[in-house]
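> Kindly return the folded structure for what I paste below:
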Amino acid sequence: MINKEDVLLAKQGDVESMEKIVTEYKNLIYMRNKNLFLKGADRDDLVQEGMIGLMKAIKSFDENKSACFSTFASLCIKRQIITAVKNYNSEKNRNLNIAIQGEGYSDLEDVIRYSSPSLKYYTPEQIMLGKELVKLLSNFLKESLSGLEKEVFSEMTKGYGYLEIASNLNKDPKAVDNSIQRIKKKVLTFLEEYNKS
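Prediction:
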(Lines give C-alpha, C1' and ligand atoms only; values in the text may rest on other atoms or scores of the structure.)
Protein backbone atom coordinates (compact mmCIF):
# COMPACT_ATOMS: atom_id res chain seq x y z
CA MET A 1 0.00 0.00 0.00
CA ILE A 2 1.25 3.48 -0.86
CA ASN A 3 1.92 5.84 2.04
CA LYS A 4 2.69 9.56 2.18
CA GLU A 5 6.42 8.87 2.48
CA ASP A 6 6.37 6.97 -0.84
CA VAL A 7 4.64 9.92 -2.49
CA LEU A 8 7.05 12.46 -1.01
CA LEU A 9 10.06 10.41 -2.13
CA ALA A 10 8.60 9.99 -5.64
CA LYS A 11 7.94 13.73 -5.74
CA GLN A 12 11.65 14.27 -5.05
CA GLY A 13 12.60 11.92 -7.90
CA ASP A 14 13.14 8.63 -6.06
CA VAL A 15 12.88 5.99 -8.81
CA GLU A 16 11.98 3.11 -6.48
CA SER A 17 9.08 5.02 -4.91
CA MET A 18 7.89 6.19 -8.32
CA GLU A 19 7.88 2.64 -9.64
CA LYS A 20 6.04 1.39 -6.54
CA ILE A 21 3.30 3.97 -7.11
CA VAL A 22 3.06 3.28 -10.86
CA THR A 23 2.80 -0.46 -10.21
CA GLU A 24 0.15 0.07 -7.53
CA TYR A 25 -2.01 2.30 -9.72
CA LYS A 26 -1.61 0.45 -13.02
CA ASN A 27 -4.82 -1.54 -12.45
CA LEU A 28 -6.78 1.62 -11.61
CA ILE A 29 -5.64 3.24 -14.85
CA TYR A 30 -6.69 0.18 -16.86
CA MET A 31 -10.05 0.10 -15.05
CA ARG A 32 -10.64 3.79 -15.78
CA ASN A 33 -10.09 3.04 -19.49
CA LYS A 34 -11.89 -0.29 -19.60
CA ASN A 35 -15.15 1.06 -21.00
CA LEU A 36 -13.71 3.80 -23.18
CA PHE A 37 -12.10 3.84 -26.56
CA LEU A 38 -11.53 6.47 -29.15
CA LYS A 39 -12.47 5.53 -32.66
CA GLY A 40 -9.33 5.57 -34.76
CA ALA A 41 -7.00 5.72 -31.75
CA ASP A 42 -5.12 3.13 -29.76
CA ARG A 43 -6.22 2.08 -26.25
CA ASP A 44 -2.66 2.79 -25.12
CA ASP A 45 -3.33 6.48 -25.77
CA LEU A 46 -5.83 6.55 -22.91
CA VAL A 47 -3.54 4.47 -20.70
CA GLN A 48 -0.79 7.04 -21.32
CA GLU A 49 -3.20 9.80 -20.34
CA GLY A 50 -3.94 7.93 -17.12
CA MET A 51 -0.20 7.68 -16.42
CA ILE A 52 0.16 11.42 -17.04
CA GLY A 53 -2.67 11.98 -14.56
CA LEU A 54 -0.83 9.84 -12.01
CA MET A 55 2.41 11.80 -12.55
CA LYS A 56 0.48 15.03 -12.04
CA ALA A 57 -0.99 13.62 -8.82
CA ILE A 58 2.47 12.77 -7.52
CA LYS A 59 3.90 16.19 -8.41
CA SER A 60 1.03 18.22 -6.97
CA PHE A 61 -0.04 16.14 -3.94
CA ASP A 62 -0.08 18.19 -0.73
CA GLU A 63 0.19 15.95 2.32
CA ASN A 64 -1.15 18.77 4.53
CA LYS A 65 -4.57 18.66 2.89
CA SER A 66 -7.29 16.34 4.13
CA ALA A 67 -7.61 14.06 1.07
CA CYS A 68 -5.59 10.87 1.07
CA PHE A 69 -3.31 10.20 -1.89
CA SER A 70 -5.44 7.35 -3.28
CA THR A 71 -8.47 9.65 -3.57
CA PHE A 72 -6.38 12.47 -5.04
CA ALA A 73 -4.61 10.18 -7.54
CA SER A 74 -7.90 8.61 -8.63
CA LEU A 75 -9.36 12.06 -9.26
CA CYS A 76 -6.28 13.25 -11.20
CA ILE A 77 -6.27 10.13 -13.36
CA LYS A 78 -9.99 10.45 -14.09
CA ARG A 79 -9.71 14.15 -14.93
CA GLN A 80 -6.73 13.61 -17.22
CA ILE A 81 -8.55 10.90 -19.14
CA ILE A 82 -11.73 12.97 -19.42
CA THR A 83 -9.74 15.99 -20.60
CA ALA A 84 -7.96 13.84 -23.18
CA VAL A 85 -11.27 12.50 -24.46
CA LYS A 86 -12.75 16.01 -24.67
CA ASN A 87 -9.67 17.35 -26.44
CA TYR A 88 -9.65 14.43 -28.84
CA ASN A 89 -13.32 14.92 -29.68
CA SER A 90 -13.16 18.69 -30.02
CA GLU A 91 -9.85 18.96 -31.88
CA LYS A 92 -10.13 15.95 -34.14
CA ASN A 93 -13.93 15.71 -34.56
CA ARG A 94 -13.82 12.06 -33.58
CA ASN A 95 -16.47 9.97 -31.88
CA LEU A 96 -16.13 8.63 -28.39
CA ASN A 97 -17.50 5.13 -28.16
CA ILE A 98 -18.52 3.97 -24.73
CA ALA A 99 -19.17 0.32 -24.15
CA ILE A 100 -21.58 -0.13 -21.27
CA GLN A 101 -20.62 -3.32 -19.49
CA GLY A 102 -22.31 -3.29 -16.12
CA GLU A 103 -20.95 -1.33 -13.22
CA GLY A 104 -17.40 -0.07 -13.36
CA TYR A 105 -15.02 0.46 -10.51
CA SER A 106 -15.77 3.66 -8.65
CA ASP A 107 -12.48 4.21 -6.85
CA LEU A 108 -9.09 2.78 -6.00
CA GLU A 109 -10.45 0.76 -3.10
CA ASP A 110 -12.73 -1.14 -5.50
CA VAL A 111 -9.78 -1.96 -7.76
CA ILE A 112 -7.68 -3.18 -4.83
CA ARG A 113 -10.57 -5.19 -3.39
CA TYR A 114 -11.31 -7.01 -6.65
CA SER A 115 -7.88 -7.25 -8.20
CA SER A 116 -5.43 -10.07 -7.88
CA PRO A 117 -3.06 -10.34 -4.91
CA SER A 118 -0.21 -9.38 -7.24
CA LEU A 119 -1.37 -5.77 -6.83
CA LYS A 120 0.07 -5.84 -3.33
CA TYR A 121 2.93 -8.35 -3.59
CA TYR A 122 5.70 -8.23 -6.16
CA THR A 123 8.43 -10.65 -7.00
CA PRO A 124 12.00 -9.36 -6.94
CA GLU A 125 12.05 -9.81 -10.71
CA GLN A 126 8.98 -7.58 -11.17
CA ILE A 127 10.50 -4.91 -8.96
CA MET A 128 13.80 -5.04 -10.82
CA LEU A 129 12.09 -4.87 -14.23
CA GLY A 130 9.95 -1.95 -13.07
CA LYS A 131 13.01 -0.02 -11.89
CA GLU A 132 14.74 -0.78 -15.17
CA LEU A 133 11.76 0.51 -17.14
CA VAL A 134 11.62 3.79 -15.22
CA LYS A 135 15.37 4.37 -15.69
CA LEU A 136 15.27 3.48 -19.37
CA LEU A 137 12.25 5.71 -20.01
CA SER A 138 13.85 8.58 -18.12
CA ASN A 139 17.07 8.26 -20.14
CA PHE A 140 15.11 7.90 -23.37
CA LEU A 141 13.18 11.11 -22.68
CA LYS A 142 16.36 13.02 -21.81
CA GLU A 143 17.92 11.97 -25.10
CA SER A 144 14.93 12.11 -27.44
CA LEU A 145 12.91 15.16 -26.38
CA SER A 146 13.70 18.48 -28.00
CA GLY A 147 14.24 21.58 -25.86
CA LEU A 148 10.63 22.69 -26.23
CA GLU A 149 9.33 19.18 -25.58
CA LYS A 150 11.35 18.99 -22.35
CA GLU A 151 9.88 22.31 -21.21
CA VAL A 152 6.36 21.20 -22.13
CA PHE A 153 6.82 17.82 -20.41
CA SER A 154 8.04 19.55 -17.25
CA GLU A 155 4.93 21.74 -17.23
CA MET A 156 2.69 18.71 -17.89
CA THR A 157 4.05 16.96 -14.81
CA LYS A 158 3.07 20.02 -12.78
CA GLY A 159 -0.53 19.51 -13.80
CA TYR A 160 -0.94 22.26 -16.39
CA GLY A 161 -3.13 21.87 -19.48
CA TYR A 162 -1.83 22.82 -22.90
CA LEU A 163 -3.32 26.34 -22.83
CA GLU A 164 -1.72 27.03 -19.43
CA ILE A 165 1.57 25.60 -20.68
CA ALA A 166 1.42 27.86 -23.74
CA SER A 167 0.85 30.85 -21.50
CA ASN A 168 3.59 29.85 -19.01
CA LEU A 169 6.14 29.27 -21.77
CA ASN A 170 4.94 32.18 -23.92
CA LYS A 171 4.42 29.80 -26.85
CA ASP A 172 1.67 29.35 -29.40
CA PRO A 173 -0.97 26.87 -28.08
CA LYS A 174 -0.81 24.89 -31.33
CA ALA A 175 2.97 24.48 -30.94
CA VAL A 176 2.47 23.25 -27.38
CA ASP A 177 -0.30 20.84 -28.44
CA ASN A 178 1.95 19.51 -31.22
CA SER A 179 4.76 19.02 -28.68
CA ILE A 180 2.42 17.08 -26.39
CA GLN A 181 1.39 14.82 -29.25
CA ARG A 182 5.04 14.20 -30.17
CA ILE A 183 5.90 13.41 -26.53
CA LYS A 184 3.05 10.89 -26.35
CA LYS A 185 4.11 9.32 -29.63
CA LYS A 186 7.72 9.00 -28.44
CA VAL A 187 6.65 7.41 -25.15
CA LEU A 188 4.37 4.99 -26.99
CA THR A 189 7.15 4.06 -29.41
CA PHE A 190 9.51 3.50 -26.48
CA LEU A 191 6.98 1.28 -24.67
CA GLU A 192 6.29 -0.75 -27.81
CA GLU A 193 10.00 -1.34 -28.33
CA TYR A 194 10.49 -2.16 -24.65
CA ASN A 195 7.65 -4.70 -24.71
CA LYS A 196 9.17 -6.42 -27.76
CA SER A 197 12.47 -7.02 -25.97
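> Can you give me the buried ones in stretch 181-192?
Buried residues in stretch 181-192, counting neighbours by 16 or more other Cβ atoms under 10 Å, are found at Arg182, Ile183, Lys184, Lys186, Val187, Phe190, Leu191. Where C-beta positions appear, they are placed from N, C-alpha and C, glycine not excepted.
> ok, residues contacting the helix or strand hosting the first one?
Under the criterion of DSSP states H and E, Arg182 resides in helix 173-196. If you take Cβ atoms under 8 Å, 6 or more residues apart in numbering as the criterion, helix 173-196 is touched by 42, 44-45, 48, 91, 133, 136-137, 140-141, 144-146, 148-149, 152-153, 156, 162-163, 165-166, 169.
> What are the buried residues along the host helix or strand of Ile82?
With secondary structure defined by DSSP H and E, Ile82 is part of helix 69-92. Judged by neighbour count (16+ other Cβ under 10 Å), helix 69-92 contains these buried residues: 69-70, 72-74, 76-78, 80-81, 84-85, 88.
> what's the answer for stretch 1-11, then?
Using 16+ other Cβ under 10 Å as the test for burial, stretch 1-11 gives Ile2, Asp6, Val7, Leu9, Ala10, Lys11.
> hmm, back to that, with pLDDT and distance to Ser60 added, can I get the buried residues of helix 69-92 in a markdown table?
Formatted as a markdown table, these follow (pLDDT from 0 to 100; distance: Cβ to Cβ, whole Å):
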| residue | pLDDT | distance to Ser60 |
| --- | --- | --- |
| Phe69 | 84 | 11 |
| Ser70 | 83 | 15 |
| Phe72 | 85 | 8 |
| Ala73 | 86 | 10 |
| Ser74 | 84 | 14 |
| Cys76 | 86 | 8 |
| Ile77 | 85 | 13 |
| Lys78 | 83 | 15 |
| Gln80 | 84 | 12 |
| Ile81 | 81 | 17 |
| Ala84 | 77 | 18 |
| Val85 | 74 | 21 |
| Tyr88 | 66 | 23 |
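> who are the neighbours in contact with the residue nearest in space to the middle of the chain?
What sits nearest the mean C-alpha location of the chain, by Cα atoms, centre = their mean, is Met51, with 1.1 Å. Under the criterion of Cβ under 8 Å, 6+ apart, the neighbours of Met51 are Val22, Ile29.
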